[in-house]
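K.L.:
build the 3D model from these lines:
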Amino acid sequence: MKNLKQALLAAALIAGAPLYAQKDAPEIKFDSVPNALQLPPNIYLGEVAGVATNSHGDIFVYTRTGHPTITIGTARPFAHGGSRLFEFDPTGKYIREIGKDSYGFMFAAQVRIDPADNIWVVDQMTEMVMKFSPQGRLLMLLGRKAENVNVPAREPKNDGAGRPQDLFSRPTDVAWDAAGDIFVADGLGNARIAKFDKDGKFIKSWGKRGTANGEFANVRSIAVDAQGNVYAADGGNKRVEVFDNDGNFKTAYTGVGNAQALCITKGASPFLYVSNSNPPADIDRDGEIYKMQLDGTVVGKFGKAGKLPKEFGTVNAIDCRNANTLYVGEVGNLRVQKLMLH
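P.N.:
Model (predicted):
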């Protein structure tokens, strides 16, 4: 009987290991840089959905601000506006706005910078992924904005697997592998990941709505490591799922709460940053960010829920081009924080 009790206790500890990792992870010391971005007097940030840096250290912010407009009363309702893309230099000085009044900017989801410094914007409401050159010229579109806009818009009723092509339903993120293949998190209206070649040709997609391995409640964020493995933030199921380059399920990491923002550092010893983003309806709980090895081992955590510097309100984006200098975009606090980890 004693051995049975010990075995049951051991099993319980193993099953609960991710939760203990979450609670007992070492605290990482860090600072938040004051006034990291200097905005012009007539420009303000709204909900910051995306933040990313290029190889020169310039900072790009995709924010839900402005005034979305829907024109009705015709055969083809037309909607635009509502989000803006800003660029800042490495010191945080404002440089320019990219894509002002773009047909594809309505409800910001994410901005990412690829290895060639092209700027990729993901927009939920227009359901498009847009690739801009470093100079800000449009190079490629994935997805398609609806020809007719239902007012109010109607969510599709399906299992989340979506159509096996580049038509999205509220996409959330984009990433690339070393070959230039493109991965799109089609993650809120649908619950899948779509893969394209470097020229934008659809290859395949995987995932649907559910709780089993390879299924998602949602796909809030994705990241690809140097070996081409794909990491997906399945926040609704409180886990990060890992797939090989063809979408075959490999493993899942739990114990990091509502995984909503992911970032993988470069170099010989990469780390995965995962945000336990507090829900918009209650930004007074959770909020910490975890630093993990790619095998799921938690190295430490930092931050908490709140509105002050070094506190977080619904983190939606993390940039970790420099492993110890992070840019964090917050939906709840309408800001970008520059963090220095020690």
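
K.L.:
what score does residue 203 have for pLDDT?
P.N.:
Model confidence at residue 203, given as pLDDT, is 97.

K.L.:
likewise the one 10 residues further on?
P.N.:
On the pLDDT scale, residue 213 is placed at 97.

K.L.:
what sits against it?
P.N.:
Residues near residue 213 by CB atoms under 8 Å, 6 or more residues apart in numbering: 241, 249, 252. (Glycine included, C-beta is placed from N, CA and C.)

K.L.:
counting neighbours, what do you get for the second one?
P.N.:
Counted with other CB atoms under 10 Å, residues neighbouring residue 249 total 15.

K.L.:
from residue 220, how far out is the closest residue to it other than its chain neighbours?
P.N.:
Leaving aside its chain neighbours, residue 249 sits nearest to residue 214 (4.2 Å; criterion: CB to CB, 6 or more residues apart in numbering). Remark: distance between residue 214 and residue 220 (CB to CB, to the nearest Å) = 16 Å.

K.L.:
these two: who's more crowded?
P.N.:
Taking other CB under 10 Å, residue 214 and residue 220 do not tie; residue 220 has more neighbours (26 against 16).

K.L.:
what sits against that one?
P.N.:
By CB under 8 Å, 6+ apart, the residues touching residue 220 are 172, 173, 185, 187, 233, 234, 235, 259, 260, 261, 277, 316.

K.L.:
reformat those residues as a markdown table; add neighbour count and distance to residue 121.
P.N.:
Listed next are the contacts of residue 220 as a markdown table, based on neighbours: other CB atoms under 10 Å; distance: CB to CB, whole Å:
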| residue | neighbour count | distance to residue 121 |
| --- | --- | --- |
| 172 | 25 | 12 |
| 173 | 29 | 11 |
| 185 | 33 | 14 |
| 187 | 32 | 16 |
| 233 | 29 | 19 |
| 234 | 25 | 23 |
| 235 | 26 | 21 |
| 259 | 26 | 22 |
| 260 | 25 | 19 |
| 261 | 29 | 16 |
| 277 | 29 | 21 |
| 316 | 27 | 14 |
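
K.L.:
what's the closest of those to residue 103?
P.N.:
Nearest to residue 103 out of the contacts of residue 220 is residue 172 (CB to CB; 19.9 Å).

K.L.:
done for today, thanks.
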